[in-house]
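*Asks:* Provided below for reference: sequence and predicted model.
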Amino acid sequence: MRLSEEEVKALETYRFSSEAADVSSSMLLARLLNDDGQLAKYVAHVRAEMGAANDAVAASMLVKRLSFLAPMALYAMSVWNKRLVLDPERIWLDTDGEGEMWMPRFRLAPPEAEMCGIERSGWREQAVRDVFVGLFAPLIVRLRRLTRVSPLILWENVAIYVYWVYERWLEDESLAPVADRLRDDFYFLVYDADGRLFGQKDNPLRRFWKGASGMQRTTCCLYVQTNGGHAAKRAHSKPASGKPDDRKAAGGQFHIFDKMFAKFVDFCRDFRENGSVDIAYFGETAR
C-alpha cells in the first residue's frame, strides 16, 4: 500500500522526500551498491562537497548521512506496524548543493509499505533484515574495500542513530499508545536480534551499546577531518563565553544524559522480564 500524506509528513523528519528532484542531483542507491565505479565517483563527490581529508573520511560521512534510512524504516515498523518497501532500485538520494553539510534526502519511488500480518516476530525479523542486510551491509563491505575505512566506524555511525531515535520516540507523549512496542522492538534490536539480520556474525547494535555510557562512541566518525568538522573543532577549542565554567556545565548536562540513557535500557529490560515497571523511575535521574 502507498503511504498516506500524514505518514509521508512524519517521515520527512528523517529526510524523506516525496518530490522528484532534478536528475543531475539524484543518485539511485542500487548503483552505489552494485557498481564500484559509481560508488568511487560518489565518494569523491562527497569528499569534495564536505572538504573531507581523504576517501575514508568521505566514506564515513556518506554512511552517517545514509543512516537516516534506518530510523525512517524503524519508525514505520515500531510506530505504524508497517514495513517500508526498501528496494535499492526504488531509493533515490537527492541532493541540493548544501556544501560542507551535504545532507541528501531520500525519495522512495513509489513510497509503499506492507502492514504486519498475524505473526509479528518473523515479520519484524524481515523488516530489520531489509534495512541492514539489504542496504547497509553491502554498502559497508564495498566502502571498506574501496577506501580501507574501518567497518567498525561505519557500523557505529548507524548504531548511534538507532539508539538516539528510540530514546526520542519513547520521550514523545504522542507515541505513548505504542510505547510498549517501541520498548520491545528496541530490546530486540540491541539484545535479541541475531547478527545475520545485519549481515554480520555478531549484532553491531549490541556491540556498540554502552548502557551506562549512553551515546559515547567507541570509534571516531572522522567528522573532524572535514571542513565543517574543522570549524566545529575551532569553535569548541575555548568556552563560548570565555568563562572556564562553561564546559564544566556542559559536561554536567552530558552526564545527566548518560544517566538517563542508562535508565532507558534498564527500563526496556525490566519491561521485557516483568511486563511492567514504575515510570516514575526516570524522574529521579533528571534531578
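*Replies:* All right, it came through fine. Numbers count the residues shown, from 1 in each chain.
*Asks:* Show me where the stretch 51-200 of the chain dips below the pLDDT cut-off.
*Replies:* For the stretch 51-200 of the chain, the stretches flagged by pLDDT under 70 are 97-101.
*Asks:* try it again with 80
*Replies:* Low-confidence segments of the stretch 51-200 of the chain (pLDDT under 80): 96-102, 118.
*Asks:* Sketch out the helices for it, chain order is fine.
*Replies:* Ranges of helices in the stretch 51-200 of the chain, per DSSP state H, counting those that start in this stretch, are 55-66, 69-75, 120-131, 137-147, 151-171, 179-187.
*Asks:* Show me what the longest one is packed up against.
*Replies:* Helix 151-171 is packed against helix 55-66, helix 69-75, helix 137-147, helix 179-187, helix 204-208, helix 245-274, with contacts defined by 3 or more CB pairs under 8 Å, 6 or more residues apart in numbering; DSSP states H and E. Placement of C-beta: from N, CA and C, glycine included.
*Asks:* go on, the last one?
*Replies:* Using 3+ CB pairs under 8 Å, 6+ apart as the contact criterion, the secondary-structure elements in contact with helix 179-187 are helix 151-171, helix 245-274.
*Asks:* would you list the helices of the stretch 51-200 of the chain in JSON lines and tack on mean neighbour count?
*Replies:* Listed next are the helices of the stretch 51-200 of the chain as JSON lines, based on neighbours: other CB atoms under 10 Å:
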{"stretch": "helix 55-66", "mean neighbour count": "24"}
{"stretch": "helix 69-75", "mean neighbour count": "23"}
{"stretch": "helix 120-131", "mean neighbour count": "17"}
{"stretch": "helix 137-147", "mean neighbour count": "18"}
{"stretch": "helix 151-171", "mean neighbour count": "20"}
{"stretch": "helix 179-187", "mean neighbour count": "19"}
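*Asks:* With distance to Asp94 as added columns, please give those in JSON lines.
*Replies:* Below are the helices of the stretch 51-200 of the chain laid out as JSON lines (distance: least, CB to CB, whole Å):
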{"stretch": "helix 55-66", "distance to Asp94": "12"}
{"stretch": "helix 69-75", "distance to Asp94": "13"}
{"stretch": "helix 120-131", "distance to Asp94": "20"}
{"stretch": "helix 137-147", "distance to Asp94": "18"}
{"stretch": "helix 151-171", "distance to Asp94": "19"}
{"stretch": "helix 179-187", "distance to Asp94": "29"}
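*Asks:* Out of the ones you listed, the one nearest Asp87 is which?
*Replies:* helix 120-131 (8.9 Å; CB to CB).
*Asks:* Convert the C-alpha atoms of the closest one to CSV, please.
*Replies:* What follows is helix 120-131, C-alpha atoms only, in CSV (Å, rounded to 0.1, in the frame of the first residue of the first chain):
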residue,chain,number,x,y,z
ARG,A,120,4.9,-10.3,14.1
SER,A,121,8.1,-12.0,15.2
GLY,A,122,9.1,-13.3,11.8
TRP,A,123,7.7,-10.1,10.1
ARG,A,124,9.9,-7.9,12.4
GLU,A,125,13.0,-10.0,11.5
GLN,A,126,12.3,-9.4,7.9
ALA,A,127,11.8,-5.7,8.4
VAL,A,128,15.2,-5.5,10.2
ARG,A,129,16.9,-7.6,7.5
ASP,A,130,15.5,-5.3,4.8
VAL,A,131,17.2,-2.4,6.4
